[in-house]
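Engineer: Take a look and give me a structure for this.
(one chain, ligands or ions: 1)
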Amino acid sequence: MVDERTILCERCGYDLTGLEPSGTCPECSRPVHRSLPDSRPGSAWQQRPGLGSWWRTNLSVMAAPRATMASLRIGGATSTSLAALNCLVAGAILVAPWLGTPVGDPARAARGGSDLVVAFTYLWVFAAQTSAAGAVLLGLTWCEYAGIRFIAARRGWRLTKAGAWQVCCHATVGWLAMALAPLAGLAILHVLTSVLRLPLGGAIDLRRVGLASTTWGDVLTIAIPAALLLVGLFAYELLVHLGVRMNRYAART
Ligand SMILES: [Zn+2]
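Structural biologist: Numbering: from 1, shown residues only. The predicted structure follows:
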């Protein structure tokens with residue numbers, strides 16, 4: 001296994017040890033200086049974490065994933081805080097529409113009490129559910145990290161631990177996209193039924209496949225958000241995939 005700090009050509013993985021920064025890779029002709037850790041300025045969040053850089057980093061990962069992933073600083077300051085923030089916001093978006101809806105939800109049970117009790121209950125239930133959803137997403141982020149480390153090792157890439165984690169953390173904007181998917185689905189459904197006035201009340205018999213007899217509207221209410229959720233999940237996977245491609249030979253600083 002190649003040491004994490006050895007400078008490899010970031011395009012082909014050739015060991016550049018001892019070569020002049022002004023030279024080129026003997027294998028693929030990529031300029032040596034472009035494979036040096038100093039050529040990576042870091043994402044806006046890595047440079048200075050804050051609300052503005054949070055927004056700019058997420059936007060940049062979505063708009064120009066390759067360039068952003070290729071600019072990440074490997075090692076140094078961790079981006080776990082970026083991942084935690086994105087997972088928490090995504091968690092809040094995921095749980096908010098259902099707050100107080102499921103049977104057994106304390107917020108639902110609190111209805112009918114005094115305004116203060118209801119408000120307080122909704123607040124702590126929302127905080128607890130958001131934290132739980134955020135923790136699940138952060139857990140999935142870690143699973144993705146373990147997964148790409150495994151794949152990289154099998155393919156013979158020198159993907160460093162720090163590099164793999166930076167990629168997974170910066171891809172968490174994909175979780176935000178995924179969290180927004182069900183809301184987008186509900187919006188589409190609203191347009192179909194209320195604006196275009198499609199007759200979705202027609203019955204459809206799903207008993208043959210082990211389900212109930214229902215209407216097209218009910219089927220679409222589940223199918224559209226579920227499909228968009230999958231698209232969101234794919235967005236996260238795609239961002240990680242591009243990130244790994246741009247960092248599979250990057251050296252740790
Ligand atoms: Zn090369």
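Engineer: pLDDT below threshold where in this protein?
Structural biologist: Applying pLDDT under 70 to the chain picks out residues 103.
Engineer: per-domain residue ranges of it.
Structural biologist: What automatic domain parsing lists as the domains of the chain is 1-39, 41-247.
Engineer: chain center to the top helix by length along the chain: distance?
Structural biologist: Taking DSSP state H as the assignment, the helix of the chain that covers the most residues is helix 115-155. Relative to the chain's own centre, helix 115-155 is displaced by 11 Å; criterion: Cα atoms, centre = their mean, to the nearest Å.
Engineer: who does it touch, helix- and strand-wise?
Structural biologist: Judged by 3 or more Cβ pairs under 8 Å, 6 or more residues apart in numbering; DSSP states H and E, helix 115-155 is in contact with helix 80-95, helix 106-109, helix 161-170, helix 173-190, helix 216-247. C-beta: built from backbone N, CA, C; applies to glycine.
Engineer: relative to helix 216-247, how tilted is that helix?
Structural biologist: Here helix 115-155 runs at 50 degrees with respect to helix 216-247, directions being taken by axes from the mean of the first three to the mean of the last three Cα atoms, to 10 degrees.
Engineer: Measure how helix 115-155 sits relative to helix 173-190, angle-wise.
Structural biologist: 120 degrees.
Engineer: which phi and psi does the nearest residue to Ala212 once chain neighbours are set aside have?
Structural biologist: Counting by Cβ to Cβ, 6 or more residues apart in numbering, Ala212 lies nearest to Leu206, which is 6.3 Å off, once chain neighbours are set aside. Reported as degrees, to the nearest 10, the phi and psi values for Leu206 are phi -110, psi 20.
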